[in-house]
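Visitor: 3D, please:
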Amino acid sequence: MKEILNSTRVRFLALGENEGFARIVTAGFLMNLGVTPSLLADIKTMVSEAVTNSIVHGYRGMDGRKNYLFLELRFYSDRMLVITVADRGRGIENVEKAMEPFYTTDREGERSGMGLPIMQAFSDSMKLVSKPGFTKVTMRKKLP
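Guide: The predicted structure follows:
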């Protein structure tokens, strides 16, 4: 990575309807970078999965109106896009296990367990750090 050409960081309530807000922020940030519609869709999916995981799993059983998510987008001179989504929720007990396809902690069975694998598949690299009270996922995507 080289020099940062553009960067933004937003904090928003951990509410399901704010998943769409995160997608719009991401699309707006990428608007002048010449990404194709399909690449834009992939990147918005990465952000959507990260935000949804934080809301559904990180803040499970907590009031989303009292908790926040953080989305940071950075674009570098070597055309690297770095996306970070962080929360101050429960944390992930076993990060390695959580990365396995179809693994979910959803007891009601409404989740597929594919959020993290999708984020990893759509990004060039992904790093997940978690402990009780903090989870951060950082995804990198080289733009053409």
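Visitor: next secondary structure element downstream of the one helix or strand in the chain whose mean pLDDT sits lowest?
Guide: Here the helix or strand of the chain ranked lowest by mean pLDDT, DSSP states H and E is helix 95-98, holding a mean of 75. Proceeding C-terminally, helix 95-98 gives way to helix 115-122 as the next helix or strand, assigned by DSSP states H and E.
Visitor: residue contacts, Ser123?
Guide: Under the criterion of C-beta atoms under 8 Å, 6 or more residues apart in numbering, the neighbours of Ser123 are Met46, Ile83, Met139, Arg140, Lys141. Quick note: C-beta positions are derived from backbone N, CA and C, even for glycine.
Visitor: thought the first one was touching Thr138?
Guide: I take that to be Met46. No. The pair Met46 / Thr138 is not scored as a contact, 11.0 Å apart, by C-beta atoms under 8 Å.
Visitor: those two: which is more packed in?
Guide: Neighbour count, other C-beta atoms under 10 Å: between Met46 and Thr138, Met46 has more, with 25 against 18.
Visitor: before we move on, the earlier item: pick out the most distant pair among the contacts of Ser123.
Guide: Every pair in the contacts of Ser123 was compared (C-beta to C-beta); the two farthest apart turn out to be Met46 and Arg140, at 10.3 Å.
Visitor: overlap in contacts of the two?
Guide: A shared contact of Met46 and Arg140, defined by C-beta under 8 Å, 6+ apart, is any residue touching both; here these are Ile83, Ser123.
Visitor: what's the overlap in contacts for Met46 and Thr138?
Guide: Shared between the contact lists of Met46 and Thr138 (criterion: C-beta under 8 Å, 6+ apart) are residues Ile83.
Visitor: so the residue nearest the centre of the chain, which state does it fall into?
Guide: Taking C-alpha atoms, centre = their mean, the centroid of the chain lies closest to Ala50, which sits 2.9 Å from it. Assigned by DSSP: H, G, I helix; E, B strand; the rest coil, the conformation of Ala50 is helix.
Visitor: and the gap between the nearest residue to Val10 once chain neighbours are set aside and Arg11?
Guide: Among residues not flanking Val10 along the chain, Leu71 sits closest, at 5.2 Å (C-beta to C-beta, 6 or more residues apart in numbering). Distance from Leu71 to Arg11, counting by C-beta to C-beta, to the nearest Å: 8 Å.
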